[in-house]
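A.B. asks: model this:
(one chain, ligands or ions: 1)
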Amino acid sequence: MKLCMIGTGYVGLVSGTCFADIGNQVYCVDKDKNKIDKLNSGISPIYEPGLDELIKKNYNANRLIFTTDIKKAINSSDLIFICVGTPTKKGSLKVDLSFVYKCSKEILKHSTKKKIIITKSTVPVGTGDEIEKIFKKKKKLFNVISNPEFLREGEAIRDFRYPDRIVIGSDNKNKFKTMRKLYSPLISKGAKFFTTSRKGAELIKYASNAFLATKITFINELANLCEKTNINVEDISLGIGSDTRIGSRFLRAGPAYGGSCFPKDTKGLVSAAEKYKTNLSIVKSVINSNHRRVSLLTKRVHQILGKNLKNKKISILGVTFKPNTDDMRDSTSLKMIPYYCKNGAKVSYYDPSGEKKEFKQIKNCTYKKNIKENCVDADLIILLTEWDEFKSIDFKKINKKKNLKIFDLRNLYAPEEMKKNKLQYYSVGRPNLN
Ligand code: UGA
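C.D. replies: Presented below is the predicted three-dimensional model:
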C-alpha cells in the first residue's frame with residue numbers, strides 16, 4: 001500500500017519505517033529540512049535501538065522516502081497518517097492541537113483524489129470530528145480514522161511488530177477492511193485487531209496511558225508505606241500482580257513516571273473530561289502524587305547525606321526518563337540535579353546516551369564519559385535510570401571511600417549483596433539493611 005506519514009517525530013518515523021519494513025511504500029514528510037537531509041544521508045534524528053539499521057534497509061530498498069515535499073507525498077499516497085506533536089499548552093492542562101489542524105489544512109489543499117486520513121498523534125476525544133469539519137469543502141474525498149499508537153520508547157520496533165492490540169476507530173465500517181489489510185502481516189502473527197467508533201479509539205489511547213500511570217503511582221505510594229513498615233514492595237508487586245485481574249506489568253516502584261507521554265496525556269485526559277463537565281478525580285490525584293514524588297525522592301538525599309550538601313560529591317548514573325532512549329522530557333533528573341547544585345553539592349553524571357544540553361549551564365554540574373570517571377570520588381552515587389551497563393558495577397573497585405553511599409531509585413541491586421560489600425545502600429520501598 002502507499003502511505004504518507006506527516007511528521008517524522010518519534011511516532012511518524014518509527015511507525016513509517018516499520019510499515020515500510022512490512023512491504024509498503026512510505027513517504028515520511030517533515031517541514032524541517034535539516035531533519036530530512038539527515039535522514040536522507042542515513043542519520044536518524046532520534047535514538048531508538050535497531051531503528052538506524054531498519055531505516056537504511058528500507059531506504060535502500062526504495063520503500064522509504066524522506067521529503068519536505070508534502071504535496072508530492074500526499075498525491076503519491078492513499079493512506080495519510082497524521083503524526084505531528086500534540087504538546088500541552090503552556091500554563092494549562094489543555095492539548096495544543098494547532099499542528100494537527102495545520103496539517104489537516106495542508107492535506108485538504110493538496111488532495112485531488114480520495115484519501116483515508118488516519119490520526120496516529122494522541123488526540124483528545126472529538127478531534128476527528130474537528131478534522132472532518134476542516135475537510136467539509138471536499139468531504140467526499142476524505143474518511144477520517146483514528147489509529148492510536150502504543151509504542152514505548154526504547155522498545156518501539158518490537159512493540160510495532162508484536163502489538164498486544166491494534167485499535168482502529170471509524171464511524172465508516174467499510175474502512176476497517178483497508179486497515180485490516182494494512183496490518184495483516186501483524187494480525188497473522190497474532191496481534192488482536194480491535195475496531196470501535198472513532199471517538200472510542202481516541203479515548204482508548206488516553207485511558208491506556210492514564211491507567212498505566214495510575215498503576216505506577218499506586219505502587220510508588222505503597223512503596224512509601226513499605227519503607228515505614230519494613231516490607232519489600234517487590235513482594236507486594238508480585239503478590240498482587242499474580243492476580244490476572246491486576247497483572248504484573250507497570251508495577252515497578254521507582255522515581256516519578258516521566259517521558260513525553262504519561263505526564264502530557266494524564267493532563268490532556270483531565271482537561272478533555274472537564275470540557276464535558278466530568279471530574280476525573282483519580283487521574284487528578286495521580287498527577288499530583290507524581291509531582292510530589294519528584295520532590296520526595298530528591299529531598300531524601302538529606303536523610304542520607306545530612307542537611308548540609310555543601311561540597312558533597314554526588315554522582316548520578318543515568319539521567320534520561322528511562323533506559324534505551326536519549327529523551328529527557330519530564331525526567332526526575334531535571335529537578336534533582338539543579339536542586340543538589342543549588343544546595344552546594346558538586347554533581348557529576350554519566351548517561352550512555354551522552355551529555356545533555358539541559359545541564360550545560362548549571363554551575364557545579366559536570367558530565368563524565370564513563371561509569372568509573374563519574375563515580376571514582378563520589379560520596380553518594382544515585383542510580384536514576386536502569387541502563388543495562390549499570391547492572392553489574394563493582395562499586396568497591398571504582399570508589400575506595402570507606403563510607404560510600406548508594407541510592408538506588410530503580411531497585412537494581414540486591415540489598416544483601418550491598419550489605420555484604422559494606423556499602424551503605426538505600427533503595428525504594430524495601431527494608432533498610434544498613
Ligand atoms: C508510554 C506507553 O507505555 C506506550 O504504550 C505509549 O505508546 C507511549 O507512552 C505514548 O503514548 O507514546 P513511554 O513513555 O515510551 O511509553 O515509556 P514507558 O515504558 O511506558 O515508561 C513511562 C514511565 O513510567 C517511565 O518514566 C518509566 O520509568 C516509568 N515506569 C514504567 C515505572 O516507573 N514503573 C513501571 O513499572 C513501568
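A.B. asks: Residue numbers of the chain in contact with the ligand?
C.D. replies: 122, 149-153, 209, 212, 216, 250-252, 254, 257-259, 261-262, 321-322 (Cβ under 6 Å from any ligand atom). Every residue, glycine included, has its C-beta placed from N, CA and C.
A.B. asks: Filter these down to the buried ones and express that as a ChimeraX selection.
C.D. replies: To isolate the buried ones among those in ChimeraX, judged by 16 or more other Cβ atoms under 10 Å, type:
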select :122,149,150,151,153,209,212,216,250,251,252,254,257,258,259,261,262,321,322
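A.B. asks: Now intersect the residues of the chain next to the ligand with the helices, please.
C.D. replies: 209, 212, 216, 262 (DSSP state H).
A.B. asks: I figured the third one was touching P255, is that so?
C.D. replies: No. Assessed by Cβ atoms under 8 Å, I216 is found out of contact with P255, at 9.9 Å.
A.B. asks: that older thread, and the ones in helices among the residues of the chain next to the ligand, which two are furthest apart?
C.D. replies: Farthest-apart pair in these is N209 and I216; separation 10.8 Å (Cβ to Cβ).
A.B. asks: Tell me, how many residues neighbour the closest residue to A156 other than its chain neighbours?
C.D. replies: Spatial nearest neighbour of A156, chain neighbours left out: V14 (4.5 Å); criterion: Cβ to Cβ, 6 or more residues apart in numbering. Using other Cβ atoms under 10 Å, the number of residues around V14 comes to 27.
A.B. asks: so V14, which of the three states?
C.D. replies: On the three-state scheme (DSSP: H, G, I helix; E, B strand; the rest coil), V14 is labelled helix.
A.B. asks: Overlap in contacts, N209 and I216.
C.D. replies: F262 (Cβ atoms under 8 Å, 6 or more residues apart in numbering).
A.B. asks: ok, E149 - contacts?
C.D. replies: 11, 15, 120, 122, 205.
A.B. asks: same question, K215
C.D. replies: Neighbours of K215 in contact, by Cβ under 8 Å, 6+ apart: 250-251.
A.B. asks: Same question for N174.
C.D. replies: Contacts of N174 (Cβ under 8 Å, 6+ apart): none.
A.B. asks: mind showing which ranges of the stretch 151-300 of the chain have poor pLDDT?
C.D. replies: Low-confidence segments of the stretch 151-300 of the chain, defined by pLDDT under 70, are absent.
A.B. asks: What is the end-to-end distance of stretch 112-130?
C.D. replies: Terminal residues of stretch 112-130 lie 21 Å apart, using Cα to Cα, to the nearest Å.
A.B. asks: Tell me which residues of that stretch come out buried.
C.D. replies: Neighbour-count burial for stretch 112-130 [16+ other Cβ under 10 Å]: 115-125, 127-128.
A.B. asks: and what of stretch 413-428?
C.D. replies: Buried residues in stretch 413-428 (16+ other Cβ under 10 Å): 413, 415, 418, 423-428.
A.B. asks: and the residue most central in space within the chain, what is it in contact with?
C.D. replies: The C-alpha lying nearest the average C-alpha coordinate of the chain belongs to G259 (Cα atoms, centre = their mean; 4.4 Å). Contact analysis of G259 by Cβ under 8 Å, 6+ apart lists 153, 321-322, 327, 329-331.
A.B. asks: Just name the closest of the residues you listed to D52, please.
C.D. replies: E153 (15.2 Å).
A.B. asks: and that closest one, what does it touch?
C.D. replies: Neighbour list for E153: 10, 48, 259-260, 322, 324-325, 327 [criterion: Cβ under 8 Å, 6+ apart].
A.B. asks: So T178 sits against K114, correct?
C.D. replies: No. T178 is beyond contact range of K114, at 11.1 Å (criterion: Cβ under 8 Å).
A.B. asks: Need the per-residue pLDDT for the residue nearest to A156.
C.D. replies: What the model reports for V14 is a pLDDT of 97.
A.B. asks: Also P415?
C.D. replies: pLDDT, read off for P415, is 96.
A.B. asks: same thing with S92?
C.D. replies: In this prediction, S92 has a pLDDT value of 89.
A.B. asks: what number of residues lie near it?
C.D. replies: Applying other Cβ under 10 Å, we find 10 residues neighbouring S92.
A.B. asks: If we ignore the residues flanking it in sequence, what's nearest it?
C.D. replies: Nearest to S92 is S271, by Cβ to Cβ, 6+ apart, at 7.2 Å.
A.B. asks: hmm, back to that, turn the buried residues of stretch 112-130 into CSV, including pLDDT, secondary structure and distance to Y162.
C.D. replies: As requested, the buried residues of stretch 112-130 are arranged in CSV below (pLDDT from 0 to 100; DSSP: H, G, I helix; E, B strand; the rest coil; distance: Cβ to Cβ, whole Å):
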residue, pLDDT, secondary structure, distance to Y162
K115, 95, strand, 29
I116, 97, strand, 25
I117, 97, strand, 27
I118, 98, strand, 21
T119, 98, strand, 23
K120, 97, coil, 18
S121, 95, coil, 23
T122, 95, coil, 21
V123, 96, coil, 25
P124, 96, coil, 28
V125, 96, coil, 28
T127, 97, helix, 28
G128, 97, helix, 27
